[in-house]
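Task: produce atomic coordinates for the following.
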Amino acid sequence: MSFMLNNTIKIKQQAKKLGFDYCGIAKAVKLEEDAKRLENWLNKGFNGSMQYMENHFDLRIDPSKLVPGAKSVITLLLNYFPSSRQNTDAPKISKYAFGNDYHEVIRNKLRLLLQFLKENIGEVNGRGFVDSAPVLERAWAQKSGLGWIGKNGNLINKQAGSFFFIATLIVDLELEYDTPAVKDYCGSCTRCVTECPTDAILPDKVIDGSKCISYFTIELKDALIPETMKGKFDNWMFGCDVCQDVCPWNRFSKPNNEINFSPLPEILNFTKNDWEELTEENFKQVFRNSPLKRTKFAGIKRNLKFIQH
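Below is the predicted model of the structure:
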């Protein structure tokens, strides 16, 4: 067995031991095509007030700018589909936010994977990323054969749907590379497009981020949500899962096994009334390790007020 193949097998086995559901590896190259798409998207203002998406453009498209001498991009998927549902009449929360903040959970796993590489393979330099650095993780996932990009812009895996976090580990180690996913299995289905409450899904897998409910309820820092969106939020208070919930491929979603993603009892059991009566002190205590803290107490109150009228 070749040295590269042996290392590749070791990495994939360790990724599984760390709880990742899928692991794919691609050659670290400059993402020319994706660079053009990103540039067009930004030029059309689809990032809304998310200015950070305009920063570090060259880093986003060239892995060697993030890790000198980068040879391989390892992409890892971690399922977050929950085993339980929220109280049906409560303001809705995106499933990814049911448990603890995924950034910390995944960063820790990436640290352990890189440590394993150094201890078992040798002098390996690398950096792990999850949602917090300029990495086009869906493009790398597709290049690693882990799935295709759906009309809703999400990575879809044929065996398990799209309720995954995507993590990336860029290393200066040459490995055996997976075959990119070239087939798009969405076919003529347009359920995500037609069901999107704010018509944020445009042709050619383009998402107008400035129209997305997740943008308004999480990313937008303004004190008020535009009046033009009144009545369109379908009771979503934090994030939105509509384009994933209606996707036929998500009938294959299975509950995750990650203890850190166990839903907070408050997320499942809070009623509309409980949310309305929540104090800032309680919010900070109950949701201290939750993704909900990103929008802060004031953001939750703003969102609640907006979906009630």
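
what's the model's confidence in the strand or helix carrying residue 15, averaged?
Using DSSP states H and E, the element containing residue 15 is helix 3-17. Here helix 3-17 scores 95 as its mean pLDDT.

Show me where the chain dips below the pLDDT cut-off.
1, 34-60, 132-134, 309 (pLDDT under 70).

State the number of residues packed around residue 19.
If you count neighbours by other C-beta atoms under 10 Å, residue 19 ends up with 17. All C-beta spots, glycine's among them, are computed from the backbone N, C-alpha and C.

typed the wrong thing, it's residue 119
Number of residues near residue 119 (other C-beta under 10 Å) recorded here: 9.

still on that earlier bit, and the following helix or strand past the helix holding residue 15, which strands flank it?
Moving toward the C-terminus from helix 3-17, the next helix or strand (DSSP H and E) is strand 22-27. Strand pairing for strand 22-27, determined by DSSP bridges: strand 72-79 (antiparallel).

from the chain's centre, how far out does the next helix-or-strand element following the strand it pairs with sit?
Using DSSP H and E, the next helix or strand after strand 72-79 towards the C-terminus is strand 92-93. Centroid separation for strand 92-93 versus its chain: 17 Å, with C-alpha atoms, centre = their mean, to the nearest Å.

which residues in the chain form strands?
Under the criterion DSSP state E, the chain contains strands at 22-27, 72-79, 92-93, 126-129, 148-149, 155-156, 164-171, 201-202, 206-207, 236-238.

deepest of the ones you listed, which one?
Compared across these, strand 72-79 shows the largest average neighbour count, a mean of 27 (mean count of other C-beta atoms under 10 Å).

mind exporting it as CSV, just the C-alpha atoms?
C-alpha atoms of strand 72-79 as CSV (Å, rounded to 0.1, in the frame of the first residue of the first chain):
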residue,chain,number,x,y,z
SER,A,72,-4.8,18.8,0.6
VAL,A,73,-8.2,20.1,1.8
ILE,A,74,-9.9,17.6,4.1
THR,A,75,-13.7,18.2,4.4
LEU,A,76,-15.7,16.8,7.2
LEU,A,77,-19.5,16.6,7.7
LEU,A,78,-21.1,16.5,11.1
ASN,A,79,-24.8,15.7,11.3
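
what about that strand, distance to the chain center?
That offset, for strand 72-79, works out to 12 Å (C-alpha atoms, centre = their mean).

Count the neighbours of residue 192 for me.
22.

Check the gap between it and residue 182 for me.
Taking C-beta to C-beta, to the nearest Å as the measure, residue 192 falls 21 Å from residue 182.

ok, back up a step: other residues contacting the helix holding residue 15?
23, 25, 74, 76, 113, 116-117, 120-121, 173-176 (C-beta atoms under 8 Å, 6 or more residues apart in numbering).
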